[in-house]
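S.K.: Sharing a model that was predicted from the sequence below.
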Amino acid sequence: MPTMTNPPNGRARWMGAVALAALLTGGALGSGVVVPFQPARAEVLSLDKPAAVPSFADVVERVKPAVVSVRVKTKAVAAADTGERGGRFGMPDLPDDHPLAELFRRFEGQGRGGPNGPGMGPRRGPAQPGMSQGSGFFISGDGYLVTNNHVVDNAAEVQVVMDDGRTLDAKVVGTDPKTDLALVKVNEGGDFPYVRLAPEKGRVGDWVVAIGNPFGLGGTVTAGIVSAQHRDIGSGPYDDYMQIDAAVNRGNSGGPTFNLKGEVVGVNTAIFSPSGGNVGIAFAIPAHVVQQVVTELKTNGSVTRGFIGVQIQPVTKEIAEAIGLKEARGALVAEAQKGTPAEKAGVRSGDVILSVNGEAIKDARELSRKVASIAPGTKVPLKVLRQGREQTLDLEVGRLSGA
C-alpha cells in the first residue's frame with residue numbers, strides 16, 4: 001500500500017505551527033513534550049467477500065442443446081408493384097413511422113412513376129417464394145418444439161438447425177396468431193434434448209438468459225433481468241407480455257428466455273426499437289400462456305377460445321366515482337351484441353362486469369383474457385354492477401369464431 005511521506009522541513013513547519021498556536025491561545029508550550037508528526041494512512045476500502053455476481057455458464061451449458069434455429073421457405077405469392085408496403089421488390093413490412101419506410105415506398109414506387117413511366121398502374125411480378133428465419137426450442141424428447149407464429153407463417157418448408165449443426169426437416173403442427181405461438185415437430189424420430197416451461201411466474205428483477213439465432217448467427221446467449229410484467233404492446237386483445245432487458249434482435253423470435261434454474265420463463269417475440277436494433281426493451285410471452293396454447297395446439301392443431309359478445313371500455317377513476325365504485329376496476333359494457341351469450345344472459349349497456357366465474361376482473365383487458373380461457377359451453381356466474389347495485393347473471397360462454 002502506498003505510504004505518505006513528510007514534506008521537506010516538515011518538522012520545522014510543525015514547530016512553527018506550534019509556536020503560532022501558543023501565541024494565539026496564550027498558552028505555554030515551551031515546557032511541553034513535542035509529539036512528532038505522524039501522517040494518517042489512507043484506509044483501504046474492501047469487502048470481506050466479493051459481491052456474488054452470477055455466472056450463467058452452467059445454465060447455458062445445460063439448456064443450449066435444446067435451442068434451435070428455424071429456417072422457413074414460404075409459399076410463393078405473386079407481388080404487385082402497388083407502392084404499398086411489401087411490394088414486388090421484396091421490401092419488408094415496416095411501420096409507417098419507421099425511418100426507412102418512406103425510402104422503401106419510393107423505391108417500390110419506381111414501377112409506377114420511375115423507369116416504367118407515370119400512370120403505368122400496378123404490375124404483378126412472377127410468384128416468388130420467400131425465406132425467413134428465427135429461433136425455437138424443444139419441449140419434448142420426441143421432437144416437438146415451440147417458436148413464433150410469425151416465423152413459420154405461410155410456410156412451405158421448415159428446417160431446424162440443431163446446436164450440434166445437424167439440419168432436420170420439420171412440419172408445422174399448429175399455430176395461434178392471436179398469441180403469436182406455433183408448435184413444430186421434426187420429421188425424424190429420435191431422443192432430442194428438451195427444456196421445461198417454468199411452473200411459476202418470475203419476479204421483476206430476476207435474472208434471465210436469452211438464447212437464439214439473431215441475424216442468423218445461431219447459438220447466441222445474452223443475459224439481463226425481468227424489467228416488468230403484464231405489458232400490453234398493442235398486438236392484440238390477449239397481450240400479457242413479460243418485459244426483459246436481455247439483448248434480443250431480429251432472428252431471436254421464437255427463442256427461449258430462461259431463469260437460473262434452466263426453465264423457460266418466456267418466448268422472445270418482439271422488441272421496442274426506434275432504430276430496429278436492440279435498445280434493452282424486449283417482450284416475451286410468459287410460460288403459463290405458452291403452456292396453455294401449446295397443449296391445445298398439440299391436441300387440436302388450433303386454439304379454442306371463449307366468447308361472450310360485449311364491446312367494453314376501461315373504467316376510469318372518474319367513471320368509478322360517478323357509478324359508486326370505490327376504485328377503478330372491472331370492465332364497462334358499451335354494448336351487448338345481439339344474439340350473443342351476453343345479451344341472452346341479460347347484460348346491458350352501462351353494466352360494469354366485476355367478476356367472471358368467481359374471478360375478479362381488474363380491467364377490460366383482463367376480461368378478454370379470462371373469457372378466452374373458459375371452454376365454450378361452460379356455464380358461469382357473471383357479476384355486474386348495475387345502477388349502483390351488484391347482480392349475478394347466469395351466462396353460457398360461446399365459442400370465438402376464428403380463434
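M.R.: That came in fine, so what should we check first?
S.K.: In the record's domain split, what are the boundaries for the chain?
M.R.: What the record gives for the chain is the domain set 207-300, 306-399, from automatic domain parsing.
S.K.: ok, P314 touching V333?
M.R.: No - counting by CB atoms under 8 Å, P314 sits too far from V333 to count as a contact (11.8 Å). (C-beta placed from N, C-alpha, C; glycine too.)
S.K.: Which one's more surrounded, those two?
M.R.: Set side by side, P314 and V333 show more neighbours around V333, with 23 against 12, by other CB atoms under 10 Å.
S.K.: Tell me who's in contact with that one.
M.R.: 310-312, 342, 347-353, 384 (CB atoms under 8 Å, 6 or more residues apart in numbering).
S.K.: Closest to V397 out of those residues?
M.R.: Proximity of these to V397 (CB to CB) peaks at A342, which lies at 9.9 Å.
S.K.: Now that closest one: which helix or strand?
M.R.: Per DSSP states H and E, A342 falls inside helix 341-345.
S.K.: CA atoms only: put that helix into CSV for me.
M.R.: Written as CSV, here are the backbone C-alpha positions of helix 341-345 (Å, rounded to 0.1, in the frame of the first residue of the first chain):
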residue,chain,number,x,y,z
PRO,A,341,-74.3,-15.1,-24.8
ALA,A,342,-74.1,-11.7,-23.1
GLU,A,343,-77.4,-10.5,-24.5
LYS,A,344,-79.1,-13.8,-23.7
ALA,A,345,-77.8,-13.6,-20.1
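S.K.: For the next helix or strand after that helix, C-alpha coordinates in PDB please.
M.R.: Next along the chain after helix 341-345, taking DSSP H and E as the criterion, comes strand 352-356. C-alpha atoms of strand 352-356 as PDB (Å, rounded to 0.1, in the frame of the first residue of the first chain):
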ATOM      1  CA  VAL A 352     -69.800  -2.900 -15.200                       C
ATOM      2  CA  ILE A 353     -68.500  -6.500 -15.200                       C
ATOM      3  CA  LEU A 354     -66.900  -7.200 -11.900                       C
ATOM      4  CA  SER A 355     -66.200 -10.900 -12.000                       C
ATOM      5  CA  VAL A 356     -66.500 -14.000 -14.200                       C
END
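S.K.: Distance from the chain centre to whichever helix or strand comes after strand 352-356, please.
M.R.: Following strand 352-356 in sequence order, the next helix or strand is strand 359-360 (DSSP H and E). Computed by CA atoms, centre = their mean, to the nearest Å, the chain-centroid distance of strand 359-360 equals 25 Å.
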